[in-house]
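*Asks:* no sequence on hand, only this structure:
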């Protein structure tokens, strides 16, 4: 049925605009485009992506490339302009991560690859499976838009609507593009800090099956298998994976010592570690109906079961509130998107229509007992969100006069929350159901002057049924100084982030407290700009640069507390302003054909301007160094050093049992990781890696111990 809708939509659009051709809680405890019909050679892809015809006025036919293409050179971006262009032809600060880089570094989880990138801080509550937040350029974690194959996948079932990277593995991913700075002019709500755009790898060539088995520390046992390739006009990539980790103890020593002042800490408590089990299926299919018309389908389904025992559970037991307590979260997520792509008038007009759906269902419960032996309260709680998206955009190739992009999107989001009460001591169980619709239109002009001045300017209008109408914009010029290898970039733009359905309507009633949504919330607003300079030397083997950025945010949504006799009311309000500024620097050096060095540094200053305090969980300094070496043909070695400085955080406990009366400080840390892969023959490869070689015991966030020294190894069979 979906393909019929897509095909009918594409046909209708073609009949209109073309002629026939054959050719996306502040409580720290709870924060827990279509492709070439026949893939062209790399040199032809480059020629298309850099728009040589636009620059020279020639009439060479542009290759058909989609917003979900992944077989592109590392210097080509698709996300920055929603079409393939060279990264230095637009003023956007960005990082491009390829499938090859992910495989060499052996980063299995999305959070493990993102934490190494400039401008990003990743916070995870314990080991694999713990709630994972992404902070970009000092903004809040819910102000980063994340997309997968063109579908917006921020978690509408969460309190703040932030993307939770905990369940996302890197299997199947062919490309990750990170756009830093306000991107709402193209991508709308939630993109006020930036965009993380992920693409599933595309199958090409012969049938290529594989099996990978991995084991190691903390009871790790992972398996992945699948196949990719193409047959005539049909392209496919199917991968299935299973990840399991058992026994990681995430309670830090300082929390144990504090809890021991109330009750002895037993061996059983120390052995009560976290258990994580994740199953995923990733699919990308494509069919070239004609040389200029193709269909695509991508799907990712994830199921996870996470049982954790952390600092708060240990303190509950020490204070006598519970016994043998644990938390359990079962989460099911499905993301699917179909596309139809048509290239008309020999490349003069290229258009894509897409239909996507995402559903996210979570079951959260406390395991354990109260002091009277009864079950813990609120057992269980259910949260579900659904998102339906239909989108279209088209690009007019104006040849030497640049290009014009126009597009439209419509979202329908729903939220459902339900909490039971098995104890009979609470107020009536609650159930919240709400929905909202967003309709948006946008346009962008992109061009260049004499191959010296490049740039793009866009504007977008969003109309939301719950929190109003917003206009956002962005300009991003880039200047190439002829004959020097120097590029000066700049960008300025606006952004907004709308309140989540939970913040608007979520209601919880308990004994002595209530949590009430605020339907009068307005969207958070941001104005930001950045300026950078990049330099290439030594025949492009040495590439370095630095970026200064600054953001000003108004109407920040924060939780509020109202105290009343025998009752405390929690809610949300637009109460805060903030300012963030800093520096991002990088250096990439290909010293030899088989030896490469990459390093980046981030300095972040983020403060709440209402009370002049630093924002929580934003470290001021971050440094990452990575090297890749192939000493012999079939052996690849990778090493990584990550340093993160201290930060302001929420306390796990205080003498008054209140949060952030005196906020605590997270201590900086450094980790060293190494990885090796050896290809024994054309069918068999073996690999090994060691993480946190220095066995640094650190917390991020405070109260959640991260994994110490760990080793992993396995093999890959492929054909």
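*Replies:* Noted; the coordinates are in hand. On a predicted model such as this, the values are computed, not experimentally measured, just so you know.

*Asks:* okay, CA-based contacts and neighbour counts for the rest of this
*Replies:* Will do.

*Asks:* ok, and residue 682, which helix or strand is that part of?
*Replies:* Residue 682 is part of no helix or strand, with elements assigned from DSSP states H and E.

*Asks:* just to be sure, residue 222 is in a strand?
*Replies:* Yes: counting by DSSP: H, G, I helix; E, B strand; the rest coil, residue 222 is found in a strand.

*Asks:* look up how far residue 678 lies from it.
*Replies:* When C-alpha to C-alpha, to the nearest Å is the yardstick, residue 222 and residue 678 sit 19 Å from each other.

*Asks:* give the contact list for residue 641.
*Replies:* Neighbouring residues of residue 641 by C-alpha atoms under 8 Å, 6 or more residues apart in numbering: 623, 624, 625, 626, 670, 671, 672, 673.

*Asks:* return the residues in contact with the closest residue to it other than its chain neighbours.
*Replies:* Nearest residue to residue 641, sequence neighbours excluded (C-alpha to C-alpha, 6 or more residues apart in numbering): residue 672, at 4.6 Å. Neighbour list for residue 672: 639, 640, 641, 642, 691, 692, 693, 694 [criterion: C-alpha under 8 Å, 6+ apart].

*Asks:* cool, residue 444 as well?
*Replies:* Here residue 444 is in contact with 186, 404, 405, 406, 456, 457, 458, 459 (C-alpha under 8 Å, 6+ apart).

*Asks:* what bridges to it?
*Replies:* Taking DSSP bridges, one finds residue 405, residue 458 as the beta-bridge partners of residue 444.

*Asks:* from residue 90, how far off is it?
*Replies:* Residue 444 is 12 Å from residue 90, by C-alpha to C-alpha.

*Asks:* identify the contacts common to these two.
*Replies:* By C-alpha under 8 Å, 6+ apart, residue 444 and residue 90 have these common neighbours: residue 456.

*Asks:* burial check on residue 639, number of neighbours?
*Replies:* By the measure other C-alpha atoms under 10 Å, the count of residues near residue 639 is 20.

*Asks:* so it: helix, strand or coil?
*Replies:* Counting by three-state DSSP, the backbone at residue 639 sits in strand.

*Asks:* okay, the spatially closest residue to it that is not a sequence neighbour and residue 718: tell me how far apart.
*Replies:* Closest residue in space to residue 639, ignoring its immediate chain neighbours: residue 674 at 4.3 Å, by C-alpha to C-alpha, 6+ apart. In this view, residue 674 and residue 718 are 24 Å apart by C-alpha to C-alpha.

*Asks:* which one of those two is surrounded by more residues?
*Replies:* A count of neighbours by other C-alpha under 10 Å puts residue 674 above the other of residue 674 and residue 718, at 21 against 17.

*Asks:* just checking, the more buried one is part of a strand?
*Replies:* Yes: checked against three-state DSSP, residue 674 lies within a strand.

*Asks:* okay, and the beta partners of it?
*Replies:* residue 639, residue 690.

*Asks:* model confidence for residue 374, exactly?
*Replies:* With respect to pLDDT, residue 374 scores 75.

*Asks:* my bad, residue 392
*Replies:* As predicted, residue 392 sits at a pLDDT of 98.

*Asks:* what bridges to it?
*Replies:* Residue 392 has these beta-bridge partners by DSSP bridges: residue 353, residue 408.

*Asks:* which residues does it contact?
*Replies:* 351, 352, 353, 354, 407, 408, 409.

*Asks:* go through these and name the one nearest residue 649.
*Replies:* Within the contacts of residue 392, the smallest distance to residue 649 is 37.8 Å, found for residue 409 (C-alpha to C-alpha).

*Asks:* separation between the closest one and residue 672?
*Replies:* 44 Å.

*Asks:* and for residue 384?
*Replies:* 39 Å.

*Asks:* would you tell me which strand is longest in the chain?
*Replies:* Counting by DSSP state E, the longest strand found in the chain is strand 567-592.

*Asks:* against which helices or strands is the next helix or strand after that one packed?
*Replies:* Next along the chain after strand 567-592, taking DSSP H and E as the criterion, comes strand 595-608. Applying 3 or more C-alpha pairs under 8 Å, 6 or more residues apart in numbering; DSSP states H and E, we find strand 595-608 packed against strand 567-592, strand 613-614, strand 621-632.

*Asks:* which stretch in these is the model least sure about?
*Replies:* In terms of average pLDDT, strand 613-614 trails the rest of the helices and strands packed on strand 595-608, at a mean of 88.

*Asks:* which elements pack onto it?
*Replies:* Strand 613-614 makes packing contacts with strand 595-608 when contacts are defined by 3+ C-alpha pairs under 8 Å, 6+ apart.

*Asks:* just put the helices and strands packed on strand 595-608 in CSV and tack on mean neighbour count.
*Replies:* Putting the helices and strands packed on strand 595-608 into CSV (neighbours: other C-alpha atoms under 10 Å) gives the following:
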stretch, mean neighbour count
strand 567-592, 18
strand 613-614, 16
strand 621-632, 19
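
*Asks:* dump these into CSV; add distance to residue 196 as well.
*Replies:* Formatted as CSV, the helices and strands packed on strand 595-608 follow (distance: least, C-alpha to C-alpha, whole Å):
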stretch, distance to residue 196
strand 567-592, 17
strand 613-614, 25
strand 621-632, 19
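
*Asks:* and of those strands, who's closest to residue 466?
*Replies:* Minimum separation from residue 466 across these (C-alpha to C-alpha) falls at strand 567-592, 15.2 Å.

*Asks:* who does the closest one pair up with?
*Replies:* Paired strands of strand 567-592, with direction, are strand 513-516 (parallel), strand 542-564 (antiparallel), strand 595-608 (antiparallel) (DSSP bridges).

*Asks:* in this protein, what helix or strand scores lowest on average pLDDT?
*Replies:* The helix or strand of the chain with the lowest confidence, counting by mean pLDDT, DSSP states H and E, is helix 52-56 at a mean of 31.

*Asks:* and residue 88, helix, strand or coil?
*Replies:* Applying three-state DSSP to residue 88 yields a three-state assignment of helix.

*Asks:* isn't it right next to residue 487, touching?
*Replies:* Yes: contact status for residue 88 versus residue 487: in contact at 7.1 Å, counting by C-alpha atoms under 8 Å.

*Asks:* which of those two has more neighbours?
*Replies:* residue 88 (24 against 21).

*Asks:* and the more buried one, what does it touch?
*Replies:* Per C-alpha under 8 Å, 6+ apart, neighbours of residue 88: 75, 478, 487.

*Asks:* repeat that for 10 Å
*Replies:* Counting by C-alpha atoms under 10 Å, 6 or more residues apart in numbering, residue 88 touches 50, 75-77, 94, 454-455, 477-480, 486-489, 534.

*Asks:* tell me where the stretch 101-250 of the chain has helices.
*Replies:* Using DSSP state H, counting those that start in this stretch, the helices found in the stretch 101-250 of the chain span residues 110-114, 184-187.

*Asks:* confidence score at residue 380?
*Replies:* Residue 380 carries a pLDDT score of 64 in this model.

*Asks:* and if you look at residue 651?
*Replies:* You'll see residue 651 listed with a pLDDT of 83.

*Asks:* that one and residue 616: what is the separation?
*Replies:* The gap separating residue 651 from residue 616 is 11 Å, by C-alpha to C-alpha.

*Asks:* just for the stretch 251-400 of the chain, where's the confidence low?
*Replies:* The stretch 251-400 of the chain contains residues with pLDDT under 70 at 375-380.

*Asks:* what are the ranges of the helices in it?
*Replies:* Ranges of helices in the stretch 251-400 of the chain, per DSSP H, counting those that start in this stretch, are 253-260, 267-271, 311-318.

*Asks:* any idea which of the ones you listed is most buried?
*Replies:* Ranked by mean neighbour count under mean count of other C-alpha atoms under 10 Å, the helices of the stretch 251-400 of the chain are led by helix 311-318, which reaches a mean of 21.

*Asks:* and that one, what does it pack against?
*Replies:* For helix 311-318, the elements it packs on are helix 253-260, helix 267-271, strand 322-344, strand 349-370, judged by 3 or more C-alpha pairs under 10 Å, 6 or more residues apart in numbering; DSSP states H and E.

*Asks:* need those in TSV (columns: distance to residue 83).
*Replies:* Below are the helices and strands packed on helix 311-318 laid out as TSV (distance: least, C-alpha to C-alpha, whole Å):
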stretch	distance to residue 83
helix 253-260	50
helix 267-271	52
strand 322-344	13
strand 349-370	10
